[in-house]
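Asks: A structural model of the following input is requested.
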Amino acid sequence: MSGGLRTADGLPVEKEQIFRMAQQEMEYRVDLFNKLTQTCFEKCIERKYKESELNVGENSCIDRCVAKYWQVVTGIVGTMLGSSKPGGM
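Replies: Here you go, the predicted structure:
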């Protein structure tokens, strides 16, 4: 298995490790999606439902909220990854 995944130290990554990493990544993404959904719903959707569809204002608010949320999350992750590299930050 010389062509498989390797750690930063060059050690081979076992299948169990890969599975755990993928599972952690999936849990992170589900949590991120749930937080994004809850945050933007609370901010943009009126408590009293008047219609079965979102109105124009709610749609615009959700678009902006998701874009800002995603921009912040990707900025934080980028900063964290950048600072974890040798010589980073």
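Asks: any idea how far the helix or strand where N34 lies is from the chain center?
Replies: Here N34 sits within helix 15-44, counting by DSSP states H and E. Distance of helix 15-44 from the chain centroid (CA atoms, centre = their mean, to the nearest Å) equals 6 Å.
Asks: again with stretch 46-60
Replies: With CA atoms, centre = their mean, you get 25 Å for stretch 46-60.
Asks: Now do the buried residues in it.
Replies: E58 (16 or more other CB atoms under 10 Å). Where C-beta positions appear, they are placed from N, C-alpha and C, glycine not excepted.
Asks: hmm, who's touching that stretch?
Replies: The contact list for stretch 46-60 (CB atoms under 8 Å, 6 or more residues apart in numbering) reads 44-45, 62.
Asks: rerun at 6 Å
Replies: 44-45 (CB atoms under 6 Å, 6 or more residues apart in numbering).
Asks: Now do it: distance from first to last residue.
Replies: 13 Å (CA to CA, to the nearest Å).
Asks: Tell me which helix or strand comes right after the helix holding N34.
Replies: Where DSSP H and E defines the elements, the next helix or strand beyond helix 15-44 is helix 56-84.
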